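>>> can't give you the sequence, but here's the structure:
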């Protein structure tokens, strides 16, 4: 991701950032929550053209879903975001990248989304893939951010993991895939939330550098499957020179898939 400094309108405290080597131009808050590498990594888990619509749950300014739409010209994507300011930026990003025909933004809280989904004609159990990059901090263990948007985007109570998984399961089609990226230390909570909802669960650790503990984990599963859990080989982002290794340079600059057997 790179940032383009542009002249700002009064009150427009945003930046325009380039993703996928400039294929996407994303407007996002200058100081609040800012999407980055995690969003691109999650979208890159999809290794081939989706077999049906894709849902980005808690989409923020839309980076995960827009990366999917940019990588796959036939993909249909729905972005669900509760914060009005972020949802407005997501719509602006959809328009600005010429994706209005394939990407829809719904302003709704995933905890109370039923009415909004009905209003837009979105039905449960219709998505081939459901992706989520939820807040990373338990709000009982971390200091609230000064920015309210940053606070709600980076913090959530531990019990809400189950609510996210419940929404993802509700929206995924039978046999559909759900995937979440989070801090590695959140793995037990994610597995507890996925239990009974998804099978064939895959665990993909992400390491900043070789020999260091994982900093992120991507957990994905199949709705209704009874296949066992599998641990995938961990991926390392940076080489000795601190730059991205070639495989991840391709992910971030050219929209390549993650260098793993992604299953779809």
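Happy to help now that I have it. Owing to the predicted nature of the structure, the values given are computational and were not obtained by experimental measurement. Numbering: from 1, shown residues only.
>>> What about residue 23, how many residues nearby?
Neighbour count for residue 23, taken as other Cβ atoms under 10 Å: 15. Placement of C-beta: from N, CA and C, glycine included.
>>> The stretch 51-200 of the chain: helices as residue ranges?
63-71, 84-96, 114-119, 148-154, 160-171, 187-194 (DSSP state H, counting those that start in this stretch).
>>> The residue nearest to residue 91 when sequence neighbours are not counted: what's it in contact with?
Excluding the flanking residues, the one nearest residue 91 by Cβ to Cβ, 6 or more residues apart in numbering is residue 105, at 4.8 Å. Residues counted as contacts of residue 105 (Cβ atoms under 8 Å, 6 or more residues apart in numbering) are 59, 62, 78-79, 81, 87, 90-91, 94.
>>> Kindly report the same for residue 181.
Counting by Cβ under 8 Å, 6+ apart, residue 181 has contacts 38, 41-42, 132-133, 216-218.
>>> Give the helix, strand or coil label for the closest residue to it other than its chain neighbours.
Closest residue in space to residue 181, ignoring its immediate chain neighbours: residue 42 at 4.4 Å, by Cβ to Cβ, 6+ apart. Assigned with DSSP: H, G, I helix; E, B strand; the rest coil, residue 42 falls in the helix class.
>>> Tell me how many other residues surround residue 42.
Neighbour count for residue 42, taken as other Cβ under 10 Å: 25.
>>> hang on, it packs against residue 64?
Yes - counting by Cβ atoms under 8 Å, residue 64 is a contact partner of residue 42 at 5.4 Å.
>>> Can you check which residues contact both of the two?
131, 133.
>>> follow-up on the earlier one: tell me the one of the contacts of residue 105 nearest residue 187?
Comparing the contacts of residue 105 against residue 187 with Cβ to Cβ places residue 59 closest, at 23.0 Å.
>>> How about stretch 108-123, which residues are buried there?
Under the neighbour-count criterion of 16 or more other Cβ atoms under 10 Å, stretch 108-123 has 108, 110, 113, 116-117, 122 buried.
>>> Show me which pair in the residues you listed is furthest apart.
110 and 122 (12.1 Å).
>>> Return the most buried member of the helices of the stretch 51-200 of the chain.
helix 63-71 (a mean of 27; mean count of other Cβ atoms under 10 Å).
>>> right, so of the helices of the stretch 51-200 of the chain, which gets closest to residue 49?
Here helix 63-71 is closest among these (Cβ to Cβ), at 8.9 Å.
>>> Which neighbouring elements make contact with the closest one?
strand 14-19, strand 24-29, helix 37-43, strand 54-57, strand 77-81, strand 103-107, strand 127-132 (3 or more Cβ pairs under 8 Å, 6 or more residues apart in numbering; DSSP states H and E).
>>> Need the nearest residue in space to residue 29, chain neighbours excluded.
Residue 29's closest residue in space is residue 14 (Cβ to Cβ, 6+ apart), at 5.8 Å.
>>> which regions of the stretch 151-264 of the chain lie under the pLDDT threshold?
151-159, 261-264 (pLDDT under 70).
>>> now the strands for it?
Using DSSP state E, counting those that start in this stretch, the strands of the stretch 151-264 of the chain run over residues 172-183, 198-209, 214-223, 230-231, 235-238.
>>> and the ones you listed as CSV, adding distance to residue 73?
Listed next are the strands of the stretch 151-264 of the chain as CSV, based on distance: least, Cβ to Cβ, whole Å:
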stretch, distance to residue 73
strand 172-183, 20
strand 198-209, 26
strand 214-223, 23
strand 230-231, 31
strand 235-238, 26
